[in-house]
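Engineer: what follows is a predicted structure for the sequence shown.
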There are 2 protein chains.
Amino acid sequence: MKRLSLKDVAKLAGVAPSTVSFVLNGKAKQMRISDELADKIRAIVRKSGYQPHQVAVNLRTGQSKILGLIVESISGSFFASLAGTIESEAEKYGYRIVYCSTENDAKKGAELINMLSRQQVDGYLITPVAGMEQDIQQLMEYNKPIVLMDSYFPGLPAPHVLIDSYGSVAKGMEHLIKKGHKHIGLVTVDMDMVQIKERTKAYVDTLKEHGIPQRKKYQLKLPYNLDKEAAITAITQYLEVNPKLDAIFFTTNYLGIRGLETFVKLGLNLPKDLAMVCFDDHDLFRLYPPGITVIEQPVEEIAKTAIRMLMQQLNQVKGGAKKWQVALPGKFIVRGSS
Amino acid sequence: MKRLSLKDVAKLAGVAPSTVSFVLNGKAKQMRISDELADKIRAIVRKSGYQPHQVAVNLRTGQSKILGLIVESISGSFFASLAGTIESEAEKYGYRIVYCSTENDAKKGAELINMLSRQQVDGYLITPVAGMEQDIQQLMEYNKPIVLMDSYFPGLPAPHVLIDSYGSVAKGMEHLIKKGHKHIGLVTVDMDMVQIKERTKAYVDTLKEHGIPQRKKYQLKLPYNLDKEAAITAITQYLEVNPKLDAIFFTTNYLGIRGLETFVKLGLNLPKDLAMVCFDDHDLFRLYPPGITVIEQPVEEIAKTAIRMLMQQLNQVKGGAKKWQVALPGKFIVRGSS
DNA sequence: CTGAAAGCGCTTACAG
DNA sequence: CTGAAAGCGCTTACAG
């Protein structure tokens, strides 16, 4: 059962392949093909179950109608939800998404860009990791449509959309300070990316503004790929070294989960023994008694904005004021942990 | 900055396009091209940054080296982790994955198969939902390589790999019965698929084997797309109607999460007020005190087996005994909830 | 050893 | 109104 080609359909209809092509692509009117003929051809197409060979169409038109989406981690809840929303947004413009993840490895990121460009994707959506700056710059030099999400490179004028990390963390810190906490720790990830640095900066600045003394040892920076046990051990030691801590701010949700696991293990009670605020929400934070106070990321807005930015570059959407650098506010959700 | 074609590279090297093609495809020896020439060509290719136009290659060879993966839900943790493992397994054989989700909608599933076949994917990996039987049968009639995961259609001899639902649930039920529970409820999803029916059957059979009386009202079947509030309301009512329940078996992890939320809301204590076992693990179940007893799915094994089955169909892997219907054991993990 | 040519399945100027 | 022809960028039998 071989699949039909345009030529086969044309033979079935007794016309030239070009005629079928015109009808199928809505150019019947323009090519002044009679309505009867057009209808007849459409009927035959329907009955025969003909499907255009997309690869051939891509080759001929130079458009794949595919967007490449590169996220940091396929299994992270933020990225999974982002990918889902991106997919349905792209669909509205007739684009499909090819989805892959770097696992925070710039080398893998470079390979993925390479692979996507060989596949002739029409545009790129990327949550960048440290070390990808060169590759992204090259993409821009080739005039490839591109949007960064979740982070960006300060030296590189690439369109990007992300949460306002600084403002969100500042709000969380204000909240903790207002509650009377004086010894607030920060648990973050050792990653040289702007959104992480902004979170740390907001922590430091907010304490300073309120005249609360900083202690270097109140900041814990964990390597990115630390396994679960090692993370729990590190957080446990951190708590031992800093017995006066009365609150901790976690800069990512997987760190928050590790923190929670540690507290459970040590039998610490939230918020009695320790208050907690986490950047980025998670199922667990909604459910775990007494509920963890978080900054929720505007995933839907990020996805919509990113797709809109990309469509503008692909000339699928006209005008409006073009804003290429967007920071969206997070939603501060107070729960029982703080 | 236009990208280079084979022809451009050939011109640069002063040879025919075919010669470059042979060298690039490792057929230099076979075509008796001198080592010097081959090296010179490779050097030029490297320096020029030439990348083959994958779309053209696909069209010419009829192979896309792309596999279509259709899962039930992009954001479900089981499916996300399955997709991740599938991706890295496929990579080993030089295949990429295009990823999409049905959201349990057969119509969307049919569209996705359509879209994937227009994209000329070389094979299909599908977690089927009710109503997709026809479409999958058609794929088989066209001799398309295909593997089903997580479920299958009893009437359709498609290769498939999934967890042994019956055996896993039976083990969980035995455990509850051994612990002395006499009023065990079942919360399941109203879905007409074999893996769900097997889970219910195992529940019913195990009770029967142990001479424990069945009560129809101990079984709660919730619609698939019930929102969170409605699910909690339904489970709350179910508990009110059945005050004697001393244990509940949940047949999917999202149902288990809803159950847990309900218990939290009602202030019920696990396992004192109620014991709980859930099919399919989740972060929350590891963490939530006292820990939820679960049946963990062998995700990695499922992914590996599925890819192996597909590669056999694509003749990328030879022989070995071909087993096309595989049910893998789940891992029963006892935690504090039972 | 190497090159000219056909063809994968489309789309689209161009000629009638 | 309709059809023959070129060409997207490759691969691969075929002829030298």
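Structural biologist: All right, it came through fine.

Engineer: residue ranges of the strands in the stretch 1-150 of chain A, please?
Structural biologist: Secondary structure of the stretch 1-150 of chain A (DSSP state E, counting those that start in this stretch): strands located at A:66-71, A:96-101, A:123-126, A:146-149.

Engineer: would you mind listing what in chain A touches DNA strand C?
Structural biologist: With the criterion set to C-beta under 7 Å from any atom of the strand, chain A comes near DNA strand C through A:4-7, A:17-18, A:21-22, A:24-25, A:27, A:50, A:52-53, A:56-57, A:59-61. Just so you know, the C-beta spots here come from the backbone N, C-alpha and C atoms, and that holds for glycine as well.

Engineer: now check the helix or strand of chain A at the bottom of the mean pLDDT ranking, is it near chain B?
Structural biologist: Ranked by mean pLDDT, DSSP states H and E, the weakest helix or strand in chain A is strand A:96-101, scoring a mean of 83. Yes: with C-beta under 8 Å from any C-beta of the partner chain as the criterion, chain B is reached by strand A:96-101 at A:Arg96, A:Val98, A:Tyr99, A:Cys100, A:Ser101.

Engineer: return the list of helices and strands in contact with that strand.
Structural biologist: For strand A:96-101, the packing partners by 3 or more C-beta pairs under 8 Å, 6 or more residues apart in numbering or on different chains; DSSP states H and E come out as strand A:66-71, helix A:77-92, helix A:106-118, helix B:77-92, strand B:96-101.

Engineer: now that strand, how far from the chain's geometric center?
Structural biologist: 11 Å (C-alpha atoms, centre = their mean, to the nearest Å).

Engineer: next one: stretch A:283-292
Structural biologist: 23 Å.

Engineer: still on that earlier bit, so can I have TSV of the strands of the stretch 1-150 of chain A showing mean neighbour count and distance to A:Asp227?
Structural biologist: Formatted as TSV, the strands of the stretch 1-150 of chain A follow (neighbours: other C-beta atoms under 10 Å in any protein chain shown; distance: least, C-beta to C-beta, whole Å):
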stretch	mean neighbour count	distance to A:Asp227
strand A:66-71	24	21
strand A:96-101	23	18
strand A:123-126	26	26
strand A:146-149	24	27
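
Engineer: now distance to B:Ser338 too, for these, in a markdown table please.
Structural biologist: Formatted as a markdown table, the entries for the strands of the stretch 1-150 of chain A read as follows, by distance: least, C-beta to C-beta, whole Å:
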| stretch | distance to B:Ser338 |
| --- | --- |
| strand A:66-71 | 36 |
| strand A:96-101 | 35 |
| strand A:123-126 | 44 |
| strand A:146-149 | 42 |
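
Engineer: before we move on, the earlier item: from the residues of strand A:96-101 next to chain B, which is closest to chain B?
Structural biologist: Nearest to chain B among those, counting by C-beta to the nearest C-beta, is A:Tyr99 at 4.7 Å.

Engineer: the closest one and DNA strand D, how far apart?
Structural biologist: Noted for A:Tyr99: a distance of 25 Å to DNA strand D, by C-beta to the nearest atom of the strand, to the nearest Å.

Engineer: kindly report the same for A:Ile163.
Structural biologist: Separation of A:Ile163 from DNA strand D (C-beta to the nearest atom of the strand): 40 Å.

Engineer: same check on A:Asn253?
Structural biologist: 43 Å.

Engineer: A:Leu310 contacts A:Leu125, doesn't it?
Structural biologist: Yes: between A:Leu310 and A:Leu125 there is a contact under C-beta atoms under 8 Å: 6.6 Å.
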